[in-house]
Structures are given as C-alpha cells and as structure tokens.
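Trainee: here you go, sequence then predicted model.
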Amino acid sequence: MQVTATQAKNRFGYVCAQAKSEPVFVEKDGRVDSVILSLEQFQALQLAGGNKSMALRKKEFNSAYKDWIADQNKHFDEHGLWCDGLVAWQEAS
C-alpha cells in the first residue's frame, strides 16, 4: 500500500491497521519517504540484521568483498571514472 504523508496523518488508524498485513509506503513530495511496518515485521528485520553496529557491518563487508573492491580500484586506476560526479571505491572505515 502507498499513501501520501497527508493521507497517513489523516487516516493514521487505518494505515496502522493496514500495516499489520503489508508494509505501508508513505510518500512525501512525490517519492517514498518512510515505511510503516507491523511490530512483527520490524522484529523480523531486526533479527535478520543481527543488531550489528554499522562499523562492524562495514568491516565484514570489506572483508567479504576485498577481492571485488581491489578489482574495482584496479579498473579505476587503469581507466578512470566514466561519469563526472562518481568517486572511486573507498574501503569503509
């Protein structure tokens, strides 16, 4: 379900009831800004994420994809970037 922020405000009880069966996407200024979930859906997301800190997740990502990151940086060193505004891959700290 997708609603505008005004609709979500004006029909909050209905939106909360709908969120028990499906995520409700709240649109602001023409694009999705927020999502309303049931408590069960939220708890499932927390469990799936393992409640790891962002620093730990970055470290795990860098470790798991170190070969891919090296390939991307090698390609950048050899060919540069194909579009203005892009930046080379940097290992997360």
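Mentor: Yes, it's here. It should be emphasised that the depicted structure is a prediction, and the values quoted were computed from it without experimental measurement.
Trainee: show me the contacts for Gln7.
Mentor: Val15 (C-beta atoms under 8 Å, 6 or more residues apart in numbering). Heads up, the C-betas are built off the backbone N, CA and C, glycines and all.
Trainee: pull out the buried positions in stretch 38-47.
Mentor: Ser38, Gln41 (16 or more other C-beta atoms under 10 Å).
Trainee: from the centre of the chain, point out the most distant residue.
Mentor: Glu78 (30.9 Å; C-alpha atoms, centre = their mean).
Trainee: checking my notes, it in a strand, right?
Mentor: No: going by DSSP: H, G, I helix; E, B strand; the rest coil, the assignment for Glu78 is helix, not a strand.
Trainee: which residues of this structure score low on pLDDT?
Mentor: 84-93 (pLDDT under 70).
Trainee: now the strands for it?
Mentor: 2-4, 24-28, 31-36 (DSSP state E).
Trainee: mind splitting the chain into its structural domains?
Mentor: 2-46, 52-93 (automatic domain parsing).
Trainee: from the chain's centroid, how far away is the shortest one?
Mentor: In this case it means domain 52-93. 18 Å (C-alpha atoms, centre = their mean, to the nearest Å).
Trainee: distance of Gly50 from Leu56?
Mentor: Using C-beta to C-beta, to the nearest Å, Gly50 is found at 9 Å from Leu56.
Trainee: those two: who's more crowded?
Mentor: Leu56 (11 against 8; other C-beta atoms under 10 Å).
Trainee: check contacts around the more buried one.
Mentor: Counting by C-beta under 8 Å, 6+ apart, Leu56 has no contacts.
Trainee: relative to Ala70, how far out is it?
Mentor: Applying C-beta to C-beta to Leu56 and Ala70 gives a distance of 21 Å.
Trainee: again with Tyr14
Mentor: 51 Å.
Trainee: could you look over the domains of the chain and pick the most buried one?
Mentor: Per-stretch averages of neighbours, counted by mean count of other C-beta atoms under 10 Å, single out domain 2-46 among the domains of the chain, with a mean of 13.
Trainee: that domain: end-to-end distance?
Mentor: Start-to-end span of domain 2-46 (C-alpha to C-alpha, to the nearest Å) is 23 Å.
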